[in-house]
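Chemist: Please work out how this folds:
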Amino acid sequence: VWPKTRNYGVSTPVFVGGRVFMATGQDPDHPNGAAHAYSINPELRGDITESGRVWRYDKIRRSISTAAVADGLVYLADFNGIVHCLDAGTGEPRWTYDMLAPAWGSPLVADGKVYVGDQDGDVAVLKAGTELKKIAEIDMADSVYSAPVPANGVLYVMTRSHLYAIAAPAP
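Modeler: This next block holds a predicted model:
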């Protein structure tokens, strides 16, 4: 029943290694619901709904998260606040992490870490790789609706009310 069960591509599809990776969702004003993540072969032509599908992952909820792909792994976050780590080649889950609050932004993979913010204002810092390891959880004191952005050795995190520039202390 539309819009309760129907989803569509809200996030930006990502092209890596000859494949497109994406999750489905709805506008955040709609309630949470079942969704899918996909790997698609874009080299085919015509209706590639079935023939172009490399894999489909069904254990994700609605998402507006753009995938982060690194070292053969795909990282996605959903509205339930679950971060999913999938094998990029097969779609097999490697681990999930519950942020305990909705995730609107996209994960960032940088410096061997996965960064994801949530609606409660936390930024989870997880070890990138096939084994789940939480490195830290940083309380930003306000909702984090966007993806963290790295530039010139600084990590920028935008909350609903502030923009933070986080850098390692000078030696």
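Chemist: what pairs with the residue positioned nearest the centre of the chain across the strands?
Modeler: Closest residue to the average C-alpha location of the chain: L76 at 2.7 Å, with Cα atoms, centre = their mean. Note on L76: beta-bridge partners H84, judged by DSSP bridges.
Chemist: ok, now which ones touch N32?
Modeler: 61-62, 79-80 (Cβ atoms under 8 Å, 6 or more residues apart in numbering). Every residue, glycine included, has its C-beta placed from N, CA and C.
Chemist: what do you get for K113?
Modeler: The neighbourhood of K113, defined by Cβ under 8 Å, 6+ apart, consists of 125-128, 135.
Chemist: Same question for Y164.
Modeler: Residues in contact with Y164 (Cβ under 8 Å, 6+ apart) are 140, 156-158.
Chemist: what stretches of this structure score poorly on pLDDT?
Modeler: Scanning the chain for pLDDT under 70 picks out 1-8, 27-28, 30-31.
Chemist: measure D118 to Y145 for me?
Modeler: D118 sits 9 Å away from Y145, going by Cβ to Cβ, to the nearest Å.
Chemist: no wait, I48
Modeler: Distance from I48 to Y145, counting by Cβ to Cβ: 33 Å.
Chemist: Looking at the two, which is more packed in?
Modeler: Y145 (17 against 13; other Cβ atoms under 10 Å).
Chemist: does the more buried one really touch G117, like I thought?
Modeler: Yes - using Cβ atoms under 8 Å, Y145 is in contact with G117, at 7.3 Å.
Chemist: what is in contact with those two at once?
Modeler: In contact with both Y145 and G117: 104-105, using Cβ under 8 Å, 6+ apart.
Chemist: which strand residues sit across from the closest residue in space to R62 that isn't next to it in sequence in the sheet?
Modeler: Sequence neighbours aside, G25 is the residue nearest to R62 in space, at 3.9 Å (criterion: Cβ to Cβ, 6 or more residues apart in numbering). Under DSSP bridges, the beta-bridge partners of G25 are Y8.
Chemist: Parallel or antiparallel, list what pairs with the helix or strand Y38 falls within.
Modeler: Taking DSSP states H and E as the criterion, Y38 maps to strand 37-40. Here strand 37-40 has these sheet partners by DSSP bridges: strand 19-23 (antiparallel), strand 53-57 (antiparallel).
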